[in-house]
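Enquirer: Below: sequence and its predicted model.
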Amino acid sequence: MRSAFDFSPLYRSTVGFDRLFDMLDQSTQLESMANWPPYNIEKLGEDQYLITMAVAGFSPEEIELTQKEGQLLVIGQKKCSDEGKQYLHRGIATRAFKQIFNLADHVKVTGANLENGLLTVELKREVPEALKPRRIEINSSNGMKNLGQDKKSVQIEHGKAA
């Protein structure tokens, strides 16, 4: 499935936004795959998030979580085979899956848990102190006059300093 939007004019007129356009293009291409497995994304607080995925039938050993370059990759692959089993009805999905979540800057995975068929992934935004906004104190004009008084005055005669 091809994207309904053509981003090529935007590529020609912008610089440095290619990752954003790639994400938009990727999200429309993977729309059909994005429905499996079902998941929720919750905002728990100002900088805390929780992803919950329904992965019934998968064990922790069959699920791989990887965070790399602003993305969280969740891959599920069943290791046991169903050889020798005869199903009259098969309604529990055990197909492999791959889900990619694009993360904002400074968002890190802080924990993951698999319980009752639900995989929960905890995320937190941790902005480094150097990048946080800081208040800058403004000096008054009186402070500037005091700075000038500390310097030695220089007397100039006929273009020469004395």
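Expert: Looks like it came in fine.
Enquirer: in which helix or strand would I find L119?
Expert: strand 118-125 (DSSP states H and E).
Enquirer: how about that strand: buried residues?
Expert: Within strand 118-125, the residues that count as buried by 16 or more other C-beta atoms under 10 Å are 119, 121, 123. Using the backbone N, CA and C atoms, a C-beta is placed for each residue, glycine as well.
Enquirer: Tell me how far A130 lies from I136.
Expert: According to C-beta to C-beta, to the nearest Å, A130 stands 15 Å off from I136.
Enquirer: Likewise for P37?
Expert: 48 Å.
Enquirer: Of the two, which one has the most company?
Expert: Counted by other C-beta atoms under 10 Å, P37 and I136 do not tie: P37 has more neighbours, with 17 against 5.
Enquirer: Is that one in contact with I75, as I believe?
Expert: No: shown here, P37 and I75 do not form a contact pair, counting by C-beta atoms under 8 Å, at 11.3 Å.
Enquirer: overlap in contacts of these two?
Expert: Shared contacts of P37 and I75, defined by C-beta atoms under 8 Å, 6 or more residues apart in numbering, comprise 97, 99.
Enquirer: Tell me the bridge partners for the residue nearest to I63 when sequence neighbours are not counted.
Expert: Using C-beta to C-beta, 6 or more residues apart in numbering and skipping residues adjacent in sequence, the residue nearest I63 is G76, 5.0 Å away. Beta bridges link G76 to I63, F97 when assigned by DSSP bridges.
Enquirer: Neighbours of G76, how many?
Expert: That count, for G76 with other C-beta under 10 Å as the rule, works out to 21.
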